[in-house]
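Asker: Starting from these lines, generate the structure:
(2 chains)
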Amino acid sequence: MQGLAGAAACGTVLASSGRAGPVAAPPYRPQFFDAAEWAFLVAACDRLIPADASGPGAVALDVPRFIDRQMDTPYAHGAQWYMSGPFMAGPDNLGYQLPYAPRELYRHGIAGMNAHAATRHGRPFAALSAALQDDLLRAAERGSLVFGDVPSATFFEQLLANVMEGAFSDPIHGGNTGMGGWAMLGFPGARADFMDWVDQYGVHYPLGSVSISGERA
Amino acid sequence: MSTDARRLDPVDVVIVGGGWAGCIMAKEMTEAGRSVVVLERGPDRGTASDGAYPASIDELEGNFRYKLFQDLSKHTVTIRNNSRQVALPYRRMAAFLPGEGVGGAGLHWSGVHFRIPPDDLRLRTRVIEKYGAKFIPEGMNLQDYGVTYEELEPFFDRAEKVFGTSGEAYKVNGQVVGKGNVFSPSRSDHFPLPALKDVYTAHLFRKAATEAGFHPYSLPAANASRQYVNPYGAQMGPCNFCGYCSGYACYMYSKASPNVNILPVLRRHPLFELRAACNVLKVELDSDGRRATGVTYADAEGNTVTQPAELVILSAFQFHNVRLMLLSGIGKPYDPARNEGVVGRNFVYQNVTTSTVWLDPKVETNQYVGTGGGGVAFDDFNSENFDHGPLGFVGGSPVWVNQAGVKAIAAAYSGGPPGTPRWGSAWKAGMIDTYRHSLRIDAHGTNMAYRDVYLDLDPTWKDAHGQPLLRMTFDWKDNDIRMNRYVVDKIGNVAKAMGARRVHLTSREFGKPFDTRQYQTTHLGGGAVMGTDPGTSALNRYLQSWDVHNVFVIGANAFPQGTGYNPTGMVAALAYWAAHHIRTTYLARPGPLAG
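Answerer: Residues are numbered from 1 along each chain as shown, chains lettered A, B, ... in the order given. Next up, the predicted model:
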């Protein structure tokens, strides 16, 4: 049921951006993720933000493409994080202390998730039912899975953060296709001028979103 | 390192850091006819390049890839909750977001532009007068600034005129003139611009706070409500409530910044030179350590360079100033075991919690409309505006709606009401409902200084230049938690008066340590505080080092306590105050400023 709903919403969004028919996954060739990793990423995105009555899901919004493109940025190489050793474990509230950049967290984390799926259910994550996928994602979120020295919660938080970014950032970064994420929120994007709306109290803003590159929803 | 450094021709004044404090000091020193070099660690920045529309209207780059913020890969701090722990590096941006580059935090800030409550300047004295010395909890290093509101007033006024601050006065020259903050002290003049319009949520808050018996006022905002030309001739455009203030270079030239309000004039001055991408390593002292001879820095190409100067002004961000003093041997480092020494002492933060109110689902709160400094506040529980006697804590919180523009990724992260899952369909529905129909109310509180909360140099981790990182030892204390819980409870009354569908009051919890993973505020303070006693302050009341008279240290490092207000207005006023005394007294007769 979830899969069908996802495909339907996906079709709606793709149609509005002028492309053809419903597809299961976007026609995009990942540059960073290999086939097994990509299958995990698409499946996990579909569970984290499923298509439903509230609006499009992460797959239709091309969140996997966003994350793959992000992997080629300085951020994903850890260039914005202090990555000098020694690396010591400490209390959670003192923050991230692993020597891994986002690219490495994805490599470790996806392998770990697929290994857990294989051990428990004999299949990779992407081949599990939605209910089993949700169970595994919740276990990762709680931190109850172990992937070598990457706590599953660390990987989960990395993934969830990037999924949110992909669904709701400007489409210039490869996600939020057709500004579908903004449309479901009612966020006007790059309009950035409310001079004549600031004191229109309690009323829905009438204009649709615009993006940096000038798309209009 | 200094012996191998290339030595440049001397200048009169070298200034470390190109933010508000550095640019104000540079402007003042060039006006005094002195040659000035500003050394800024980060890149050169300007509104035309960093704030261009529409490219800069990019939440991912601005708030999640930290385009205008400090490069943690090169420089960070270590943090621990108490001195029994090993402090660990702050590896990823989260709890606080220091700036970097020309304009400093003054380029990415929001714009809330306060004066300080007069009682906060003499808080120790005031608390003892009202409640007796025994009221001060054990281990709290409660101190006065050593300067009064009356002394600072002309400099608050000056800063507001330079910043083009919008607001409504309560009292001017002792006469009630408007609907401003009834708890605020008299001013010598009105705000240069009228208050900004209330966004809808601020309008609702104003009405509800009044009904609840409080005294709401428009937040003073360095976001121009109209077109404005400041005393330097710098121009600002009217704010259009675009919602891209905090984390962005304002594309409308409406939010005050050093880049818009000072540098366009300063850059043309023949006595001024700005050197970006120059990281100061230490202040050089003469052989007896009583006089600074200049600074040594690493330039963009990695050369080590010494810039001799007659006067050294440290005006980097709060904790960078403290670290440079420690690295240079200026002032006695603080020893928490003995509660002696001054550099690193009275490290303070700010005590902010945000509560959420959900309104009727037919009401659109339009949270994307906003301006960084705008909103409505009440001060009934700030400073000494209420009787602390029966409450048994020191400090307070202004309470406000400061809708700076909530954008889509932030909305997704914030999610739905407590108990909602963080992903999946339930999250989607709760998140959309929250974004469209809720509003946020902050308790923006003080943080007192404690004997065992301090800054020193880390024994293990180093920056990109091989120098020790600064180490923060910080945790929340019962006094501050009790203050927060008392004030947050009052927010419930306001929410009720708003006809809330649902309210989630967020207050600080006993026993829950400071968490570096969650954004709280970048309003760090103290560590090299001003005062009148060299035994408890690193700087005299003119922000001059007690030990090295030709070093002045300008910034929130001078605050003995964490104020409930945003610090920039106070930092700017202190810069003009120090500059005034340098210009009128120090330059003619260099030496310790007395009186």
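Asker: Please count neighbours and contacts with C-alpha atoms only from this point.
Answerer: Fine.
Asker: Could you count how many residues lie near the closest residue to residue B:323 other than its chain neighbours?
Answerer: Once flanking residues are discounted, residue B:323 sits nearest to residue B:470: 6.0 Å by Cα to Cα, 6 or more residues apart in numbering or on different chains. Residues lying near residue B:470 (other Cα atoms under 10 Å in any protein chain shown) number 28.
Asker: pLDDT of the strand or helix carrying residue B:470, averaged?
Answerer: Following DSSP states H and E, the helix or strand that holds residue B:470 is strand B:468-473. Across strand B:468-473, pLDDT averages out at 98.
Asker: got the residue ranges for the helices in chain A?
Answerer: Using DSSP state H, the helices assigned to chain A run over residues A:2-16, A:35-48, A:63-70, A:102-121, A:130-142, A:152-168, A:180-185.
Asker: thinking again about what came up before, distance from the strand holding residue B:470 to the middle of the chain?
Answerer: Offset of strand B:468-473 from its chain centre (Cα atoms, centre = their mean, to the nearest Å): 19 Å.
Asker: tell me the contacts of residue B:244?
Answerer: Going by Cα atoms under 8 Å, 6 or more residues apart in numbering or on different chains, residue B:244 touches A:192, B:57, B:250, B:370-372, B:404-405.
Asker: Apart from its chain neighbours, what residue comes closest to residue B:193?
Answerer: residue B:166 (4.4 Å).
Asker: let me redo that: residue B:28
Answerer: Distances taken as Cα to Cα, 6+ apart put residue B:579 closest to residue B:28, at 6.4 Å, once the chain neighbours are dropped.
Asker: and that neighbour, how far is that from residue B:155?
Answerer: 10 Å (Cα to Cα, to the nearest Å).
Asker: ok and the residue in the stretch 51-200 of chain B nearest chain A?
Answerer: Residue nearest to chain A within the stretch 51-200 of chain B: residue B:73 (3.9 Å; Cα to the nearest Cα).
Asker: On the three-state scheme, that residue is what?
Answerer: Three-state assignment for residue B:73 (DSSP: H, G, I helix; E, B strand; the rest coil): coil.
Asker: which ones are touching the closest residue to it other than its chain neighbours?
Answerer: Nearest non-adjacent residue to residue B:73, counting by Cα to Cα, 6+ apart: residue A:82, 3.9 Å away. By Cα under 8 Å, 6+ apart, the contact list for residue A:82 reads B:72-76, B:89-92.
Asker: give me that answer again for 10 Å
Answerer: For residue A:82, the contact set (Cα atoms under 10 Å, 6 or more residues apart in numbering or on different chains) comprises A:97, A:99, B:71-77, B:89-93, B:463-464.
Asker: quick one: which of these is nearest to residue B:559?
Answerer: Residue B:559 lies nearest to residue B:77 out of the contacts of residue A:82, by Cα to Cα, at 19.8 Å.
Asker: burial of the closest one, as a residue count?
Answerer: Residue B:77, neighbours per other Cα under 10 Å, totals 25.
Asker: my guess is it meets residue B:457, correct?
Answerer: Yes: counting by Cα atoms under 10 Å, residue B:457 is a contact partner of residue B:77 at 9.1 Å.
Asker: which residues do these two both contact?
Answerer: Shared contacts of residue B:77 and residue B:457, counting by Cα under 10 Å, 6+ apart, come down to B:323, B:468-472.
Asker: Dihedrals phi and psi, the residue nearest to residue B:193?
Answerer: Backbone torsions of residue B:166, given as degrees, to the nearest 10, read phi -100, psi 140.
Asker: Just the C-alphas of stretch A:154-174, formatted as PDB.
Answerer: Only the C-alpha atoms of stretch A:154-174 are listed here, as PDB (Å, rounded to 0.1, in the frame of the first residue of the first chain):
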ATOM      1  CA  THR A 154      25.000   8.400  14.700                       C
ATOM      2  CA  PHE A 155      24.400   7.000  11.200                       C
ATOM      3  CA  PHE A 156      20.700   7.500  11.600                       C
ATOM      4  CA  GLU A 157      21.000  11.100  12.600                       C
ATOM      5  CA  GLN A 158      23.300  11.800   9.700                       C
ATOM      6  CA  LEU A 159      20.800  10.200   7.300                       C
ATOM      7  CA  LEU A 160      17.800  11.900   8.800                       C
ATOM      8  CA  ALA A 161      19.400  15.300   8.700                       C
ATOM      9  CA  ASN A 162      20.400  14.900   5.100                       C
ATOM     10  CA  VAL A 163      16.900  13.600   4.200                       C
ATOM     11  CA  MET A 164      15.300  16.700   5.700                       C
ATOM     12  CA  GLU A 165      17.800  19.000   4.000                       C
ATOM     13  CA  GLY A 166      17.100  17.300   0.600                       C
ATOM     14  CA  ALA A 167      13.300  17.500   0.900                       C
ATOM     15  CA  PHE A 168      13.200  21.100   2.000                       C
ATOM     16  CA  SER A 169      16.300  22.900   0.600                       C
ATOM     17  CA  ASP A 170      16.300  24.900  -2.700                       C
ATOM     18  CA  PRO A 171      16.000  22.600  -5.700                       C
ATOM     19  CA  ILE A 172      19.300  24.000  -6.900                       C
ATOM     20  CA  HIS A 173      20.900  21.300  -4.700                       C
ATOM     21  CA  GLY A 174      19.100  18.500  -6.400                       C
END
